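> coords please:
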Amino acid sequence: MLRISTNALAPVETLRADMDQVLADLFGTSRGRFDLGGRHGNPPLDIWEQDESVYLEASVPGIAEDEIEITALGRKVTLSGTPKTEVADDRSETAEDQPAAATEPSSRTYYARERCVRAFRREVEFPFDIDAEKIDANLDHGLLRVVIPKAPSARPRKISVQVK
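Next comes the predicted model:
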């Protein structure tokens with residue numbers, strides 16, 4: 001069973017994922033497991049398996065390559081990102097307090113603020129061993145792509161039958 005967790009909400013997410021699976025089994029729906037991606041500052045993930053690898057894509061707009069860390073241990077892969085300048089939700093400043101041509105984020109007065117860039121951490125636990133030494137990742141226009149090869153012990157192996 002694939003487990004995706006966010007730090008503080010991991011127990012709740014696990015319960016919701018298990019309930020989702022129970023409902024899917026009962027009613028034959030193909031809804032995906034509950035994912036808290038996109039909420040609470042966590043990037044949404046797409047994860048799929050193809051051939052001998054698992055592919056993971058995460059939307060991380062506003063986070064630079066050097067602000068992302070990927071670690072692998074056992075069957076878990078952890079994605080985390082810490083932007084150098086985190087966009088906070090501080091709207092206490094007024095227009096009178098700011099110069100007309102303010103361009104620094106700390107000196108801006110916002111009328112609308114719908115985009116946010118915050119630190120995140122996502123853990124994905126796979127139901128099979130992974131080959132941590134061969135994980136490959138790249139960032140392209142805010143889309144993080146990670147290729148996670150299965151460990152040789154987790155790959156299907158063709159066994160020939162011999163006639164005696």
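
> lowest confidence element among the helices and strands of the protein?
strand 3-6 (a mean of 61; mean pLDDT, DSSP states H and E).

> how about the strands of the chain, start to end?
3-6, 45-50, 53-59, 68-73, 76-81, 120-125, 136-140, 143-149 (DSSP state E).

> who touches the residue lying closest to R122 once chain neighbours are set aside in this structure?
Nearest non-adjacent residue to R122, counting by C-beta to C-beta, 6 or more residues apart in numbering: L79, 4.7 Å away. From N, CA and C alone the C-beta is placed, and that goes for glycine too. Listed by C-beta atoms under 8 Å, 6 or more residues apart in numbering, the contact set of L79 reads 43, 56, 58, 68-70, 120-124, 144, 146.

> can you check A151 too?
Contacts of A151 by C-beta under 8 Å, 6+ apart are F128, D129, I130, D131.

> so T82 is in contact with R118, correct?
No. Counting by C-beta atoms under 8 Å, T82 does not reach R118; the two are 9.1 Å apart.

> so between the two, which is more surrounded?
More neighbours surround R118 than the other of T82 and R118, with 17 against 13 (other C-beta atoms under 10 Å).

> all set now, cheers.
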